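Visitor: just coords:
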């Protein structure tokens, strides 16, 4: 007991007296109504050195150059604001910090082997950080290392923050924004980071993410990472998140590249009990050993994945379970998602969309377009191994990529162990494989068909029951042939997705803007959606929408804002009331004035009860 007390006292002294160089703020009282004003680096230094001030409130009133931090503490650099000491929550930062869109640049922390909880903030418990930019930072730490914060938990929040810089670590829980996060909301945050995780021991070191290393019980919205990660001896490495459990991630994106050893994914390394909605990654993935590698995720268990896609190439030197979208999965649901990722593998069970799917996994209305090359057994254009003793279903899916290699392979699947495949297709010309499944343990699925390229680009293939190759038609816009459903999940256009069917809720990244000027001419009752002002400046104006229609029914509608990468950036539900309008117009306003939209081109999609009503193009200015 005495040793613990002595350690605690020593740590308090370190944070309060030993290197006291800062100057207290001259304005403010540290309350929410009258926060302290951080005006310069001396004020920031004072905050880092005084643990008694870590439960107060702050606003930053100017840009701060922290280049002097490299000379502090005998070269160890800046001392983080707040830290984690077991049984002493008062040592965390529990106040509020509003950067007011100002920057802290050139921050240096240099404790690569000796110190955990490293970042501008070491540990945050029940606190908040908002409107802050930490740029060109150089952070070296052990476990729980991030540019903004090492560890954040217990009903905290981070809103409209961005970071950039370099991270070096030999520990675990490493991320460009935060090392670890639990029971916290992150909204509208972004990081540009290069991470070098350099453990030389066994791959017990884990959890590296371009955005956050580990997430438990978190909510992440409208955020992203541009990350280049070198972690060749680490497991659970993701472009966005290393490991994620019991969390929700929506409207988020990743670019860059990553290298890891086990459980590697362009968006997430490992996840369980999560929901991923409207997320995408173009990060390339390289795996050095072991299993579970994918363009979007390495391994997902009991997850819900909707409206997501992966674009980056996947290369693996591992043993098994490599997929263009996900390497290994069970008891998960995949809806309206796709992969363009090219996959090269030396392991077993390699697929254009899924490496290995086990029981309880349902995959519907998805497709894979990337090439698959495997020098081992059981490669498939869509899935490597269907390993379902019960409840494994794949429906309304297709594959178009070339499948090549030296082992057992199939145009759609490498090996089927008791799964259900219904109303699925593969392109026999592009795959260069007329075999549906490389090895099949039972009867060949009745509704799995190989088609030539021209047939794969013909809506008849997917909606007509005349040929006996469908149990029921796919759901396309315009209800062609035998399609009677109005959810309008699919559409087909020679200018989009190389002429193959595409998902209406997740537009492929090369979608030409001209498609959004047609006002949906396939519908009997044409409804034109007009946005104004256009261009729209979110910081200044509300966005207004006009519906012009020969017959428009009032009710509850959902408005989706989709960026040029196909990512659902925002969705809003609106109630449009009144009498049906005939040969007229109805106007409504979306009050999104302060929403954090990036400048660029967006597409507005109006839906009612999963049915697309109309679309419009929107230019967003700054």
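Guide: Great, that's in hand. Being a predicted model, the structure only gives us computed values, none of them experimental.
Visitor: domain-wise, how is the chain divided?
Guide: Segmentation of the chain into domains, based on automatic domain parsing, reads 326-511, 516-620.
Visitor: tell me the most buried of those domains?
Guide: Per residue and on average, the most neighbours among these fall to domain 326-511, with a mean of 22 (mean count of other Cβ atoms under 10 Å). From N, CA and C alone the C-beta is placed, and that goes for glycine too.
Visitor: would you mind confirming that residue 46 makes contact with residue 26?
Guide: No. Contact criterion Cβ atoms under 8 Å: residue 46 and residue 26 do not qualify, at 10.8 Å.
Visitor: hang on, isn't residue 603 packed against residue 507?
Guide: Yes. Shown here, residue 603 and residue 507 form a contact pair, counting by Cβ under 8 Å, at 7.0 Å.
Visitor: which residues are in contact with both of those two?
Guide: Residues touching both residue 603 and residue 507 (Cβ atoms under 8 Å, 6 or more residues apart in numbering) are residue 562.
Visitor: where are the low-confidence patches of the stretch 401-550 of the chain?
Guide: Low-confidence regions of the stretch 401-550 of the chain, defined by pLDDT under 70, span residues 510-527, 549-550.
Visitor: where along the protein do the helices fall?
Guide: Using DSSP state H, the helices of the chain run over 2-13, 41-49, 428-431, 453-456, 459-463.
Visitor: give me the number of residues near residue 112?
Guide: Here the count is done by other Cβ atoms under 10 Å, and residue 112 has 19 residues near it.
Visitor: which residue packs closest to it, ignoring adjacent ones?
Guide: Once flanking residues are discounted, residue 112 sits nearest to residue 140: 4.0 Å by Cβ to Cβ, 6 or more residues apart in numbering.
Visitor: next one: that neighbour from residue 336, what distance?
Guide: Residue 140 is 42 Å from residue 336, where distance means Cβ to Cβ, to the nearest Å.
Visitor: tell me the pLDDT of residue 612.
Guide: Residue 612 carries a pLDDT score of 76 in this model.
Visitor: what sits against it?
Guide: By Cβ under 8 Å, 6+ apart, residue 612 lies in contact with 477, 488, 504, 520, 605-606.
Visitor: and which of those is nearest to residue 547?
Guide: The closest of the contacts of residue 612 to residue 547 turns out to be residue 606 (Cβ to Cβ; 7.6 Å).
Visitor: just give the nearest non-adjacent residue to that closest one, would you?
Guide: Spatial nearest neighbour of residue 606, excluding adjacent residues (Cβ to Cβ, 6+ apart): residue 613 at 4.5 Å.
Visitor: that neighbour contacts residue 557, doesn't it?
Guide: Yes. Look at residue 613 against residue 557 with Cβ under 8 Å: they come within range, at 7.1 Å.
Visitor: so what sits opposite residue 561 in the bridge?
Guide: Residue 561 has these beta-bridge partners by DSSP bridges: residue 570, residue 604.
Visitor: quick one: it from residue 188, how far?
Guide: The gap separating residue 561 from residue 188 is 14 Å, by Cβ to Cβ.
Visitor: ok, residue 485 next?
Guide: In this view, residue 485 and residue 188 are 35 Å apart by Cβ to Cβ.
Visitor: likewise for residue 298?
Guide: Separation of residue 298 from residue 188 (Cβ to Cβ) stands at 27 Å.
Visitor: these two: which is more packed in?
Guide: residue 298 (37 against 20).
Visitor: OK, contacts around the more buried one?
Guide: 236-238, 260, 262-265, 268-270, 292, 326-328.
Visitor: what about those residues, which are in strands?
Guide: Residues of the contacts of residue 298 located in strands (DSSP state E): 236-238, 260, 262-265, 268-270, 292, 326-328.
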